[in-house]
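S.K.: below are the sequence and a predicted model for it; my questions follow.
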Amino acid sequence: MRSRTSVLGIVASLGLVGSLTGAQASSGPTYDITTLAGKVASVNGTAGLQIRFSAFIEQQAEDTGATGPSSTAITPTYVLSSPLDGSAVQLLNVTVNQDTAGAPQNETTIAVDPNNPNRVLAAANDYVTRTWTCTLPGGTACGARGDGYSGTYFSNDGGTTWCCASKLDGSSQGTLIPGVTHLSGGPYDAGGDPAVTFDSRGNAYYAGLGFNRTSAPNTVAVNRGTFDASGKLSWSAPTFINQTTSPSTLNDKEWIVADANAGSPFRDRVYVTFTRFLFNPINGHYVQSPIMEAYSNDGGRTFSAPQIIGAPALYSQGSRAVVGPDGTLYVFFDGATRLATLDSTYVVKSTDGGQTFSSPLQISTLNEISSPANTVFRVNSFPAAAVAPNGDVYATWSTEIGSHAAAVYSKSTDGGATWSTPALMFPGLDASTQTAEGYPAPGLATPDLHRVDTFWPAVAISPSGRVYMSAYAADVVSPWQTCAHPAPGVVGRINCLALGPYVNNARLDYAVRDLTTDQIQIVTTHPINTRLQFGGGFIGDYTDIAVGSDNVYHALWTDTNNKQTVTWWYGFEFVPTVINQEDVVTQSGNF
């Protein structure tokens, strides 16, 4: 095991070399790292670097934030859509978020109370605050101060119904996380990248980011949730981890897990991991992005000082922490050492409650995936993981195989010391080609059939050992009419001024596999069109699945098959306009 002091010493020396003698530190462009957009440009401009910020941070960097309400309602010239889009999410799928204002939700995380399989907690990026029409004290419009953050939703009936909705007049924030963004009484413009977990006593925990777009402050935030006797959820004020005002530091892509094992020596300890992006303060060049870890022994009220884990794989992202039945903490991440040709899926582990960690073990090299064929949204190869009751450990991630993305998994039966050769999560889907729908179309008489891409995998294991895995599959291709002339800025996502040519457009289904019985089901009821809401560039960063003591799985993904009427969008008012909305949708079941 490596002590905290020695890890920090190694990293400090490596960071000094990286920032002072690296080729990128002495030449090339400079970047304004006081802004989110400048930091994203620095990372994306680093030659040979496969690691990127989360898609959420990149999307937020592109947006300028909500403005004040427009003076006159906008009437769209064209609203892009497809006759193949759904009009409503169909049973057995259930829409988890409860707003009806056409605002998007994406990036899904879900957990089941270990003491009550009917109590399910979910969270997602929730942009509903940008559409609020209320006025804050001092006369500021809510639409100007509100921003995307994380909505949390809960079910006390096994995922059949969900609570709660915020209200556009600002009279209720529903279950939006308090104390982080301006709209909820906090110090930050925006937040997101949600993760949720339960401890062994049924306390809930939420972790997310808090940040500003045009100034340096940012943090990782943790809130503790409690359910009263009636099943109502309340959230505490946040605890901030690694709160910083330094332009040379940005926290990204956190995850949270509580040790819910009643027999563990670290029962109910709460662990948070995240990526700390570091930049040269002189020219703004990217230096490194180590994975950090902190833990809490008092229910999330205070946390240990964050420590770097995973050295020397210091060019990393997308950590995922899980806990075994004996209290062993495993942290998986997508990363690389300084001279590596390829990234790898790594794991480190701690047997003393997150105080010290092993050296990183390479599970497998990977080829970072690119956007699936006939799509434009951002993707990644970040891992997900779970530990079985017998101590077996499962890791999943996506890698490029030939010309397509494939979700794969690996298993360790010896506490993470050795791992099986990565296997396809959905071999049948992987071997198939897309199904064509809606052809012919102008200029597209013949569809572009491509091998099915599978990506953003998740895995969960029940207390009895049932192993469930899930992922998106880009298994349908259809025509899509592009916009030749969108209205300026975010308004152009709804208002197209002139139509463009048709292109081939991949649509997604969500698949679940019961590895125990080796059965696979497509759980979506209608293929998902990703070209909606964010112009096709952003549908999330990850998906998730959870399972309770009743062996019922709860798969949670981003869907676009609900039509809703939008009147406010990023502070701009529209005449009531029907659009397909990004919602977060679940299906519960077993095989």
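M.R.: Structure's in. What do you need?

S.K.: now the helices for the chain?
M.R.: 4-20, 23-26, 36-44, 55-62, 142-145, 427-430 (DSSP state H).

S.K.: now do the last one: everything it contacts.
M.R.: Okay, so that is helix 427-430. 401, 404, 406, 424, 451, 452, 454, 473, 475, 511, 520 (Cβ atoms under 8 Å, 6 or more residues apart in numbering). C-beta: built from backbone N, CA, C; applies to glycine.

S.K.: if we can go back for a sec, out of the helices of the chain, name the one with the poorest average pLDDT.
M.R.: Set side by side, the helices of the chain give their lowest mean pLDDT on helix 4-20, at a mean of 33.

S.K.: shaky segments in this protein?
M.R.: 1-27, 65-70 (pLDDT under 70).

S.K.: go ahead and confirm residue 154 touches residue 196.
M.R.: No. Using Cβ atoms under 8 Å, residue 154 makes no contact with residue 196, being 9.7 Å away.

S.K.: so if I had to pick from the two, which one is more boxed in?
M.R.: Neighbour count, other Cβ atoms under 10 Å: between residue 154 and residue 196, residue 196 has more, with 27 against 22.

S.K.: for the stretch 1-150 of the chain, just list every one of the strands.
M.R.: Remark: strands assigned in the stretch 1-150 of the chain by DSSP state E, counting those that start in this stretch are 94-95, 105-112, 120-126, 149-155.

S.K.: hmm, I was thinking of the stretch 451-591 of the chain
M.R.: 453-461, 467-486, 496-514, 519-522, 528-529, 544-547, 553-569, 572-589.

S.K.: and those as CSV, adding mean neighbour count and distance to residue 191?
M.R.: Formatted as CSV, those follow (neighbours: other Cβ atoms under 10 Å; distance: least, Cβ to Cβ, whole Å):
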stretch, mean neighbour count, distance to residue 191
strand 453-461, 27, 21
strand 467-486, 23, 24
strand 496-514, 20, 26
strand 519-522, 14, 33
strand 528-529, 26, 25
strand 544-547, 27, 18
strand 553-569, 24, 18
strand 572-589, 21, 17
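
S.K.: closest to residue 437 out of those strands?
M.R.: Of all the strands of the stretch 451-591 of the chain, strand 467-486 sits nearest to residue 437, with 4.9 Å by Cβ to Cβ.

S.K.: sheet partners, orientation included, of that closest one?
M.R.: When sheet partners are counted by DSSP bridges, strand 467-486 sits next to strand 435-436 (parallel), strand 453-461 (antiparallel), strand 496-514 (antiparallel).

S.K.: to residue 344, which of the ones you listed lies closest?
M.R.: Per Cβ to Cβ, nearest to residue 344 of the strands paired with strand 467-486: strand 453-461, 16.6 Å.

S.K.: show the contacting residues for the nearest residue to residue 225 once chain neighbours are set aside.
M.R.: In space, residue 225 comes closest to residue 204 once its chain neighbours are excluded; the distance is 3.5 Å by Cβ to Cβ, 6 or more residues apart in numbering. By Cβ under 8 Å, 6+ apart, residue 204 lies in contact with 111, 113, 121, 154, 196, 197, 198, 224, 225, 226, 227, 233.

S.K.: tell me how far the fourth one lies from residue 470.
M.R.: Think residue 154. Using Cβ to Cβ, to the nearest Å, residue 154 is found at 21 Å from residue 470.

S.K.: still on that earlier bit, now the strands paired with strand 467-486 as JSON lines including distance to residue 165?
M.R.: Converted to JSON lines, the strands paired with strand 467-486 look like this (distance: least, Cβ to Cβ, whole Å):
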{"stretch": "strand 435-436", "distance to residue 165": "36"}
{"stretch": "strand 453-461", "distance to residue 165": "26"}
{"stretch": "strand 496-514", "distance to residue 165": "24"}
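
S.K.: which one of the ones you listed lies closest to residue 31?
M.R.: strand 453-461 (29.0 Å).

S.K.: just the C-alpha atoms of the closest one, please, in PDB.
M.R.: Taking Å, rounded to 0.1, in the frame of the first residue of the first chain, the C-alpha atoms of strand 453-461 are listed here in PDB:
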ATOM      1  CA  ASP A 453     -22.500   0.900 -31.700                       C
ATOM      2  CA  THR A 454     -23.000   0.100 -28.000                       C
ATOM      3  CA  PHE A 455     -21.700   2.600 -25.400                       C
ATOM      4  CA  TRP A 456     -22.200   4.200 -21.900                       C
ATOM      5  CA  PRO A 457     -22.500   0.900 -20.100                       C
ATOM      6  CA  ALA A 458     -23.700   0.400 -16.500                       C
ATOM      7  CA  VAL A 459     -23.600  -2.600 -14.200                       C
ATOM      8  CA  ALA A 460     -25.400  -3.500 -10.900                       C
ATOM      9  CA  ILE A 461     -25.500  -6.600  -8.700                       C
END
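
S.K.: go through stretch 162-176 and flag the buried ones.
M.R.: 162, 163, 164, 165, 166, 167, 168, 170, 173, 174, 175, 176 (16 or more other Cβ atoms under 10 Å).

S.K.: what's in contact with that stretch?
M.R.: Contacts for stretch 162-176 (Cβ under 8 Å, 6+ apart): 94-101, 122, 126, 128-129, 131-136, 142, 149-155, 183-184, 233, 235, 568.

S.K.: tell me the contacts of the closest residue to residue 75 other than its chain neighbours?
M.R.: Distances taken as Cβ to Cβ, 6+ apart put residue 575 closest to residue 75, at 5.0 Å, once the chain neighbours are dropped. Residues in contact with residue 575 (Cβ under 8 Å, 6+ apart) are 73, 74, 75, 76, 567.

S.K.: again, but for residue 279
M.R.: Residue 279 touches 31, 33, 39, 42, 247, 248, 249, 250, 285, 286, 287, counting by Cβ under 8 Å, 6+ apart.

S.K.: so the first one touches residue 39, yeah?
M.R.: Yes. Between residue 31 and residue 39 there is a contact at 7.2 Å, judged by Cβ under 8 Å.

S.K.: any common contacting residues for these two?
M.R.: With Cβ under 8 Å, 6+ apart as the test, residue 31 and residue 39 both reach 279, 284.
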